[in-house]
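K.L.:
Model the structure of this input:
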Amino acid sequence: MRAIYASSINPDDPLAGLVVGERPEPQVPEGWTIVQVKASALNHHDLWSLRGVGLSEEQVPMILGCDAAGIDANGNEVVVHAVIGEGEDETLDPKRTLLSEKHPGTLADLVAVPKRNVVPKPAGMSFTDAACFPTAWLTAYRMLVTRGRLPKEGSVLVQGAGGGVATAATVLAHAMGARVYVTSRDADKRERVEALGAQAFESGARLPERVDVVIETVGAATFDHSVKSTKPGGRIVVSGSTSGHQATVDLRRVFFLQQEIIGSTMGTRQELADLLDLVVSTGISPIVDGVYGFTEGRAAFERLNGGDVFGKIVLDHSR
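P.N.:
Sure thing, here's the model as predicted:
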């Protein structure tokens, strides 16, 4: 079958080990099902895998990809949940893993997943749209709702416009009725997020108000600003650290204002189902940077690796 996979690990040149080629069809353990993938989407997780973060030389070749929508063995149109784990909240399972870490991922004609890891695709939603939601959008949803406990008519700061999680959080928070502020060093990205319903500011700028929830995926470069921008009792929810993981924190502000610093990773199957319900009820659509044919997989990865991305990069498996 067709597949996009890591054939080797290269920390300095991740695309050196990227192959668009053929791999054997996946094995289907008891309790699992096969999904015929109609569309998939890229994440920075795929680039980190090619660099050897979470994936070792002993594990390659490994089919990449966490996001997918397609048709299961019973003919149902489904969205694939990428977290493989046990318990009511599988993200808290210490043995949890994502597709493409231990088990082959979604950038292929077929992917095998536990039966519980398929969620019905909403009727009328395209496969290319549906493929955008299982990773970045699910991460943003959990950060806002479950971990961030965004209040009704609350306020949100999203650090760093353009990335998949940041863009999803902006759209979701606006759809939920929040006042949304977004920062970016890039004037073009600030203009684009304002079209999504947010107020945009240069990185580090003073906001019109302190916020209930900060969506923090940038890390060291923005963390001090996140702390200063959070109201008493507010929450800074962290799911990434693209600018560095060693942040400096003024603990006096944290304890005096009773702020919470909360980690968040991916989301549960139920949260994915709830996210899809929210998307349908509010009529929002994912922000797509570009749709590539499956055979254009290398060009899609080059676009992601270039860094100037706004929204999701999607692969249409029909071409």
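
K.L.:
When you work out contacts or count neighbours from here on, use the C-alpha atoms and nothing else.
P.N.:
Noted.

K.L.:
distance between the lowest-mean-pLDDT helix or strand in the chain and the chain's centre?
P.N.:
When the helices and strands of the chain are scored by mean pLDDT, DSSP states H and E, helix 187-194 comes last with a mean of 92. In terms of C-alpha atoms, centre = their mean, to the nearest Å, the centre of helix 187-194 is set 20 Å apart from its chain centre.

K.L.:
Where do the domain boundaries of the chain fall?
P.N.:
Residue ranges for each domain of the chain read 2-132+286-316, 137-263, as given by automatic domain parsing.

K.L.:
Just send those back as JSON lines, with mean neighbour count too.
P.N.:
Shown next, in JSON lines, are the domains of the chain (neighbours: other C-alpha atoms under 10 Å):
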{"stretch": "domain 2-132+286-316", "mean neighbour count": "20"}
{"stretch": "domain 137-263", "mean neighbour count": "20"}
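
K.L.:
what about residue 22, distance to residue 123?
P.N.:
Applying C-alpha to C-alpha, to the nearest Å, the value for residue 22 to residue 123 is 32 Å.

K.L.:
and what of residue 114?
P.N.:
22 Å.

K.L.:
swap in residue 117?
P.N.:
Using C-alpha to C-alpha, residue 117 is found at 18 Å from residue 123.

K.L.:
And residue 287, by the same measure?
P.N.:
With C-alpha to C-alpha as the criterion, residue 287 and residue 123 are 19 Å apart.

K.L.:
what's the answer for residue 260, then?
P.N.:
From residue 260 to residue 123 the distance is 39 Å (C-alpha to C-alpha).

K.L.:
Kindly report the same for residue 231.
P.N.:
Here the criterion is C-alpha to C-alpha. By it, residue 231 lies 40 Å from residue 123.

K.L.:
what does residue 75 give?
P.N.:
If you measure residue 75 against residue 123 using C-alpha to C-alpha, the figure is 14 Å.

K.L.:
before we move on, what about residue 85?
P.N.:
According to C-alpha to C-alpha, residue 85 stands 27 Å off from residue 123.

K.L.:
With residue 96 instead?
P.N.:
Distance from residue 96 to residue 123, by C-alpha to C-alpha: 30 Å.

K.L.:
Also residue 54?
P.N.:
Taking C-alpha to C-alpha as the measure, residue 54 falls 35 Å from residue 123.

K.L.:
cool, residue 308 as well?
P.N.:
To residue 123, residue 308 is 32 Å away according to C-alpha to C-alpha.

K.L.:
just residue 190 next, same as before
P.N.:
Distance from residue 190 to residue 123, counting by C-alpha to C-alpha: 33 Å.

K.L.:
Check residue 140 too.
P.N.:
23 Å.

K.L.:
ok, longest helix in this structure?
P.N.:
Ordering each helix of the chain by length in residues (DSSP state H) puts helix 269-282 first.

K.L.:
Next, the residue lying closest to residue 86 once chain neighbours are set aside: phi, psi?
P.N.:
The spatially closest residue to residue 86, leaving aside those adjacent along the chain, is residue 93, at 6.1 Å (C-alpha to C-alpha, 6 or more residues apart in numbering). Main-chain torsions, residue 93, degrees, to the nearest 10: phi -70, psi 120.

K.L.:
mind checking pLDDT for the closest residue to residue 41 other than its chain neighbours?
P.N.:
Spatial nearest neighbour of residue 41, chain neighbours left out: residue 314 (4.2 Å); criterion: C-alpha to C-alpha, 6+ apart. In this model, residue 314 is scored at 97, pLDDT.

K.L.:
What helix or strand is residue 314 located in?
P.N.:
In this structure, residue 314 sits in strand 312-316 according to DSSP states H and E.

K.L.:
Show residues contacting that strand.
P.N.:
With C-alpha atoms under 8 Å, 6 or more residues apart in numbering as the contact definition, strand 312-316 has outside contacts at 38-43, 128, 131-132, 164, 286-294, 297, 300, 304.

K.L.:
These in helices, which ones?
P.N.:
Going by DSSP H, the helices hold 128, 164, 297, 300, 304 from the contacts of strand 312-316.

K.L.:
tell me the least confident of those?
P.N.:
Sorting the ones in helices among the contacts of strand 312-316 by pLDDT puts residue 164 at the bottom of the list (86).

K.L.:
Can you report how many residues neighbour residue 318?
P.N.:
Using other C-alpha atoms under 10 Å, residue 318 has 11 neighbouring residues.

K.L.:
ok, it touching residue 295?
P.N.:
No - judged on C-alpha atoms under 8 Å, residue 318 makes no contact with residue 295 at a distance of 9.6 Å.

K.L.:
Can you tell me how far the residue lying farthest from the centre of the chain is from residue 231?
P.N.:
Within the chain, the residue lying farthest from the chain centre (C-alpha atoms, centre = their mean) is residue 256, at 32.7 Å. Distance, residue 256 to residue 231, using C-alpha to C-alpha: 11 Å.
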